[in-house]
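# Using only what follows, build the 3D model:
(one chain, ligands or ions: 1)
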Amino acid sequence: MPHPKNIVILISGSGSNMAAIVQAAQQQGWQQQFSATVAAVISNRPGATGLQLAQSLGVATQVLDHRAFESREAFDAALMQLIDGHQPALVVLAGFMRILTPGFVSHYAGRLINIHPSLLPAFTGLNTHQRAIAAGCREAGCTVHQVTAELDHGPILAQAAVPVLPDDTAETLAARVLVEEHRLYPQAVRGWLQNQP
Ligand code: GAR
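The predicted structure follows:
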């Protein structure tokens, strides 16, 4: 029996990317194929609606409220302890809206990935869709990348592009990109699992 590969997914909000990954794992049989399981979904926001979504998909959830901690370092240390309780092979950031400390990032080096709603290296940070429209971009999209100490940098694993239409608002563009996120992120996680020994 190969070593089990636990996946821990971190969320802050609606968790639609998390759900896409959990559903792909269940429907494609990642347990049988890769010995991979989504072991837990952890949110830094107690009110994140993605928590119920995870539970409805049969995944255990945990909450670690960042507001209970005095510093970013203290929160990240507690988060690492929670995550490490699952002995994860891979930690997946899925709309986890926290800047991570260098200590956290180096602890999970090579097994920490993120999805960002732009065609990186363009538009790191927030309000990516509004900024793509304002810049006159003809294309927008999303990027799955390995997480390194610099925000929204790190080796690119996968990208998907969509057109920016003349009457797009940030909301309509975000919705078009999100459809691609739900296709791309499970595929990138699957690709990562396939490349593991
Ligand atoms: C997604 O669009 C994701 O790319 C973005 O937040 C949304 C989360 O949606 N992430 C970032 O902006 C990270 N900087 P979800 O909770 O429904 O997956």
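# which ones are touching the closest residue to residue 139 other than its chain neighbours?
In space, and not counting its chain neighbours, residue 139 is closest to residue 161: 4.8 Å by C-beta to C-beta, 6 or more residues apart in numbering. (C-beta placed from N, C-alpha, C; glycine too.) Taking C-beta atoms under 8 Å, 6 or more residues apart in numbering, we find residue 161 in contact with 119, 139-141, 180.
# can we see that at 10 Å?
119, 138-142, 177, 180 (C-beta atoms under 10 Å, 6 or more residues apart in numbering).
# same check, this time on residue 108
Residue 108 neighbours (C-beta under 10 Å, 6+ apart): 8, 80, 83-84, 88, 90-91, 93, 100, 146-147.
# For the chain, which residues are neighbours of the ligand?
By C-beta under 6 Å from any ligand atom, the residues of the chain that approach the ligand are 11, 13-17, 50, 94-95, 115-117, 142, 178, 181.
# ok, which stretches of this protein are helices?
16-28, 30-34, 50-56, 72-84, 102-107, 128-134, 170-194 (DSSP state H).
# Centre of the chain to the last one, how far?
For helix 170-194, the distance from its own C-alpha centre to the chain's C-alpha centre is 10 Å (C-alpha atoms, centre = their mean, to the nearest Å).
# In it, which of the residues would be classed as buried?
173-174, 176-178, 180-182, 184-190, 192-193 (16 or more other C-beta atoms under 10 Å).
# And for stretch 131-149?
Applying 16+ other C-beta under 10 Å to stretch 131-149 flags 131-133, 137, 140-148 as buried.
# can you give me the mean pLDDT across it?
Summarised as a single mean, pLDDT over stretch 131-149 is 98.
# Kindly check the end-to-end length of that stretch for me.
24 Å (C-alpha to C-alpha, to the nearest Å).
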